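*Asks:* Sequence and predicted structure, then a few things I'm wondering about:
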Amino acid sequence: GEDVEQSLFLSVREGDSSVINCTYTDSSSTYLYWYKQEPGAGLQLLTYIFSNMDMKQDQRLTVLLNKKDKHLSLRIADTQTGDSAIYFCADHTHGSGNTGKLIFGQGTTLQVKP
Amino acid sequence: EAGVTQSPTHLIKTRGQQATLRCSPISGHTSVYWYQQALGLGLQFLLWYDEGEERNRGNFPPRFSGRQFPNYSSELNVNALELEDSALYLCASRRGAVNEQFFGPGTRLTVL
């Protein structure tokens, strides 16, 4: 079935780049998303990429998609302490019609040290 | 533009009771999604409403139900509450064909 996997924890120093990785299983994925969740808050949509794209850049965020390996990454340039949060990768598939649902990974906790 | 709103922020119930959670989507959004974020289980899809109809539901028992009103707001009802229903319940609304789902702040349900 559909599955999305992420590593659970990443620690970086302020000013460094952060790279959060995600793998997914569904070959019919159409859109892949990155969400950010700060403590006690809901999910904030950061960016998304359509499955026929390899890369998308949005200010400090760069998304890379390797469709052959079903691998997605989010790079945050010049990471700041305010970037400390949980980052979720999510997959929207059209497998057997538009189900509407997103399949989320377990979330990667990003810790940014001053 | 106002975001997705949810009420109440926190809800405390006891086992066997019923809980009602509410969600107002972003103006102009007609689809509403509900997700459960339980400790150790991650984010799981619960329900999808569009134009007043239930379009899809996740792998949850029938005591999880809901509805969508003519103004596109939505209600999630959980009957016969169990301890494991304690979680953050997130509502999202959708814009367009890209399926960008925008989330509200959530309702923290605690079942004692």
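*Replies:* Ah, there it is.
*Asks:* Please enumerate the strands of chain B.
*Replies:* B:5-7, B:10-13, B:19-24, B:31-38, B:42-50, B:53-57, B:64-68, B:74-78, B:87-95, B:100-103, B:107-111 (DSSP state E).
*Asks:* so can I have CSV of the ones you listed showing mean neighbour count, distance to A:Ile76 and mean pLDDT?
*Replies:* Every C-beta, even on glycine, is put in place using the N, C-alpha and C of the backbone. Shown next, in CSV, are these (neighbours: other Cβ atoms under 10 Å in any protein chain shown; distance: least, Cβ to Cβ, whole Å; pLDDT from 0 to 100):
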stretch, mean neighbour count, distance to A:Ile76, mean pLDDT
strand B:5-7, 16, 28, 97
strand B:10-13, 14, 31, 98
strand B:19-24, 20, 30, 98
strand B:31-38, 23, 23, 95
strand B:42-50, 22, 21, 93
strand B:53-57, 14, 33, 92
strand B:64-68, 19, 36, 97
strand B:74-78, 21, 33, 98
strand B:87-95, 23, 23, 93
strand B:100-103, 22, 20, 91
strand B:107-111, 19, 28, 97
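*Asks:* now do the same end-to-end measure for stretch A:10-27.
*Replies:* 27 Å (Cα to Cα, to the nearest Å).
*Asks:* can you check stretch B:41-55 too?
*Replies:* Note: stretch B:41-55 ends 24 Å apart using Cα to Cα.
*Asks:* Name whatever forms a beta bridge with the residue most central in space within chain B.
*Replies:* Centrality entry for chain B: nearest residue to the mean C-alpha point is B:Trp34, 3.3 Å, by Cα atoms, centre = their mean. When bridges are called by DSSP bridges, B:Trp34 pairs up with B:Leu47, B:Cys91.
*Asks:* circling back to that earlier point, including distance to A:Asp26, could the strands of chain B go into a markdown table?
*Replies:* Converted to a markdown table, the strands of chain B look like this (distance: least, Cβ to Cβ, whole Å):
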| stretch | distance to A:Asp26 |
| --- | --- |
| strand B:5-7 | 29 |
| strand B:10-13 | 34 |
| strand B:19-24 | 27 |
| strand B:31-38 | 18 |
| strand B:42-50 | 14 |
| strand B:53-57 | 16 |
| strand B:64-68 | 24 |
| strand B:74-78 | 26 |
| strand B:87-95 | 19 |
| strand B:100-103 | 17 |
| strand B:107-111 | 29 |
